[in-house]
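Enquirer: pasting a predicted model and its sequence here:
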Amino acid sequence: MNIDTQPLAVRNSRPKPNTQQTSVLDLAGGMLWPLLSGAIGLGLWEGMVRAFRVPVFMVPAPSQIVLTIMEHWQYLLTQLAITTFAAGLGLILAVTFGLLAGAAIAGSRLVDRMLTPWLVIAHAVPKVVIAPLFLVWFGFGLQSEVFFVVAFTFFPVIVNTVSGLKSADPEQLVMVRAMGATPAQTLRKIQFPSALPSICAGVKLAVTLAPVGAVIGEFVASNKGLGHLLIRAVGDMDTPLAFAAVTVFSIFGVLLWRAAEWVESRVLPWHPSQRASFLLRNAST
Amino acid sequence: MLSADQQSTDSERPEAAALPIVLEGVEKFYGGMQAIAPVSLTLAGGEAVSIVGPSGCGKSTLMRLIAGLDQPSGGEIRIGETVVAAPVADMGIVFQRDLLLDWRNVLDNVLLPAEIKGLQGMTPRALELLRELDVADFAKSYPWQLSGGMRQRVAIARALLAHPGLIFLDEPFSALDALTRDQMNVLLQQVQASRNATTLLITHSISEAIFCADRVIVMSGRPGMILDDIRVPFERPRRLAIRETAEFTAIGRRIREHFERAGDLVG
């Protein structure tokens, strides 16, 4: 009777003395190589700029960029905060719209047929090219920027919501129908949780696209934010400041991606993408 | 700990009366293809019946029709006095796949029917079922942490939660290894013995069909029709050893001969 009553988790969770140590070493090893290659790259860059006396307005040396960041860090962070605010606002709107539109498309063939071709066309339009039009439609400032972020980010949310909602296990749908579930219960108990991994993937893409959208919006329609700072710095031939802005922006992008991954791991602890690490950790006994 | 509203429970409601199932000339067409030839069959209330037949003989389709998940092309199905036209309310189904929801722990999976039917305070009942099925220790585990046999036990607990008067099992153990399958057969007939429910087991295993039922219906290949209707004489509770008896083997042979004649040999 008890042969199969021991779950994998229990069977495989015998303590292994070296696990902790190995994972610390792995982590160090994982960080070591990219750090090393990065240091070599930066060293070469620094060396070339100095050896060939490249003018600072062309390409500043990494040390110059670090100095600029240290000198202007408050200003840079303020501009980053402004950009982040616009990106966040646009993202919230895009995710809300994307989820609702996605649910409508997944729920109704009519809506699907009427809306999807236009969404695809809207997505195919090169948004950078029409960015100036946003200035015409929504005026100079935050509004234009936010709508530009929405235009930049809604598509992955919609596409992933639709495919997620449609990917619910048909047999699980039959099962809850047999239990007497209403369509609303089916959506809440089966379809939405089944769609969550897809939705998370879409939102993760949108999260990383949003600041890019905000910066492009600021190029065109703002006198604040990192985008505006970048345009101005280039106009002033202040290349070290432009590089500093790009550096800050890139670091922020990486942190944002990490944050999105962390949130995903909290929302989907049960998903294969999250539990793979658990199984690998425990499978070697 | 139980909350106040969980104290007033639906969990102690009496076992529903086991209802008879009557099929009269039930047939099913898919397009022009006849999946089930007209079938007439009566299952007495509380009876445990298994339907055995080759793959694709329409036995699962027949179960779906009885459960009200699909509509017959002709004929009538009655459960008690009611003609089946929609999913039957008073049933628990165990499918071939356990269909546990990955994002819910074991206990919450078992409680799913209670949530859908709006039954309050079913947690003690769910835990009691998990104990009966020997998986109570894993109430807080997630499905992916369990083995196949344990997952199917949880699926059985889920089907039994709301005290169904009808229990339908659609090849519930066919994905399990032979040893686990034997255990589940013993478990299933224990579960049947302690409940007053009409049970219908769909299987393509001849020995499982005999071991778990009071009566075995033998179905032919497409279009599905009833070839034989055999009473199983063994007392309950049954031990696996009865499968070695001459009587058991004779029933098995009788079923196998039907398939041999029809050219549909099954395992």
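Expert: Arrived safely. Residues are numbered from 1 along each chain as shown, chains lettered A, B, ... in the order given.

Enquirer: just the buried positions in the helix or strand containing residue A:253, please.
Expert: Assigned by DSSP states H and E, residue A:253 belongs to helix A:239-267. Using 16 or more other Cβ atoms under 10 Å in any protein chain shown as the test for burial, helix A:239-267 gives A:239-245, A:247-249, A:252, A:256, A:260, A:264, A:267. In short, each C-beta sits where N, CA and C put it, glycine included.

Enquirer: contacting chain B as well, which ones from these?
Expert: Residues of these in contact with chain B (Cβ under 8 Å from any Cβ of the partner chain): none.

Enquirer: which of those sits closest to chain B?
Expert: Using Cβ to the nearest Cβ, residue A:267 is the member of those that lies nearest chain B, at 9.7 Å.

Enquirer: tell me the contacts of that closest one?
Expert: Each residue near residue A:267 by Cβ atoms under 8 Å, 6 or more residues apart in numbering or on different chains is listed here: A:196, A:200.

Enquirer: check what pLDDT it gets.
Expert: What the model reports as pLDDT for residue A:267 is 86.

Enquirer: could you check how far it is from residue A:164?
Expert: 13 Å (Cβ to Cβ, to the nearest Å).

Enquirer: residues of the stretch 101-250 of chain A that sit close to chain B?
Expert: So far as Cβ under 8 Å from any Cβ goes, the stretch 101-250 of chain A lies against chain B at A:169, A:171-172, A:174-181, A:185, A:189-190, A:193, A:196.

Enquirer: which stretches of the chain have low pLDDT?
Expert: With no chain named, the answer covers chain A. A:1-29, A:276-285 (pLDDT under 70).

Enquirer: meant chain B, my bad for not saying
Expert: Ranges of chain B meeting pLDDT under 70: B:1-17, B:264-267.

Enquirer: so the residue positioned nearest the centre of it: helix, strand or coil?
Expert: Against the mean C-alpha coordinate of chain B, by Cα atoms, centre = their mean, the closest residue is residue B:169 at 2.0 Å. Following DSSP: H, G, I helix; E, B strand; the rest coil, the label given to residue B:169 is strand.

Enquirer: do you know how far it is from residue B:125?
Expert: For residue B:169 relative to residue B:125 (Cβ to Cβ), the value is 20 Å.

Enquirer: go on, residue A:233?
Expert: Going from residue A:233 to residue B:125 by Cβ to Cβ gives 68 Å.

Enquirer: ditto for residue B:31
Expert: Computed as Cβ to Cβ, the residue B:31 to residue B:125 distance reads 44 Å.

Enquirer: which one's more surrounded, these two?
Expert: A side-by-side neighbour count of residue B:31 and residue B:125, using other Cβ atoms under 10 Å in any protein chain shown, places residue B:125 first with 23 against 6.

Enquirer: helices and strands around the host helix or strand of that one, which ones?
Expert: Remark: residue B:125 resides in helix B:123-132, with elements defined by DSSP H and E. For helix B:123-132, the contact count by 3 or more Cβ pairs under 8 Å, 6 or more residues apart in numbering or on different chains; DSSP states H and E identifies helix B:106-110, helix B:148-160 as packing neighbours.

Enquirer: go through these and name the closest to chain A.
Expert: Here helix B:148-160 is closest among those (Cβ to the nearest Cβ), at 3.7 Å.

Enquirer: that closest one to helix B:123-132, inter-axis angle?
Expert: For helix B:148-160 against helix B:123-132, the angle by axes from the mean of the first three to the mean of the last three Cα atoms, to 10 degrees is 140 degrees.
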